[in-house]
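[1] Need the 3D shape of this:
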Amino acid sequence: MLTKKTSRNQVTLPKSVVRHFQDVDYFDVQEEDGKIILLPVRPNQADAVRERLAELGIDEQDVEEAVAWARKR
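    Alright, predicted model coming up:
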């Protein structure tokens, strides 16, 4: 299969390949012996929680303060 790198360094994966990875949104990219290797990454639940917290703008300090507040009871 042939694909082309765009001016923005993007490539489109062929449908025949993507259909095997329908539940995958992320790939780990590695270079090995002059080859580009894509490895599917399936985030675990903790990664999904971290991603959602980042979307909401909640950082580690916010979480620490919330825990401290809850433990005062």
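[2] give the contact list for the residue sitting nearest the centre point of the chain.
    In the chain, the centroid-proximal residue (CA atoms, centre = their mean) is Tyr26; its distance is 4.7 Å. Going by CB atoms under 8 Å, 6 or more residues apart in numbering, Tyr26 touches Pro40, Val41, Pro43. Yep, even glycine has a C-beta here, placed from its N, CA and C like the rest.
[3] want to throw those residues into TSV with secondary structure, pLDDT and neighbour count?
    As requested, the contacts of Tyr26 are exported to TSV (DSSP: H, G, I helix; E, B strand; the rest coil; pLDDT from 0 to 100; neighbours: other CB atoms under 10 Å):
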residue	secondary structure	pLDDT	neighbour count
Pro40	strand	90	12
Val41	strand	86	13
Pro43	coil	74	13
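[4] With distance to Phe21 added, can I get those in JSON lines?
    Below are those laid out as JSON lines (distance: CB to CB, whole Å):
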{"residue": "Pro40", "distance to Phe21": "5"}
{"residue": "Val41", "distance to Phe21": "10"}
{"residue": "Pro43", "distance to Phe21": "14"}
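[5] Ile36: how many residues sit nearby?
    Each residue near Ile36 was counted by other CB atoms under 10 Å, and the total is 10.
[6] which residues of the chain fall in strands?
    Counting by DSSP state E, the chain has strands at residues 26-32, 35-41.
[7] Strand 26-32 and the lowest-mean-pLDDT helix or strand in the chain, what's the angle between them?
    Within the chain, no helix or strand scores below helix 45-56, which has a mean of 85 by mean pLDDT, DSSP states H and E. Between the axes of helix 45-56 and strand 26-32, defined by axes from the mean of the first three to the mean of the last three CA atoms, to 10 degrees, the angle is 110 degrees.
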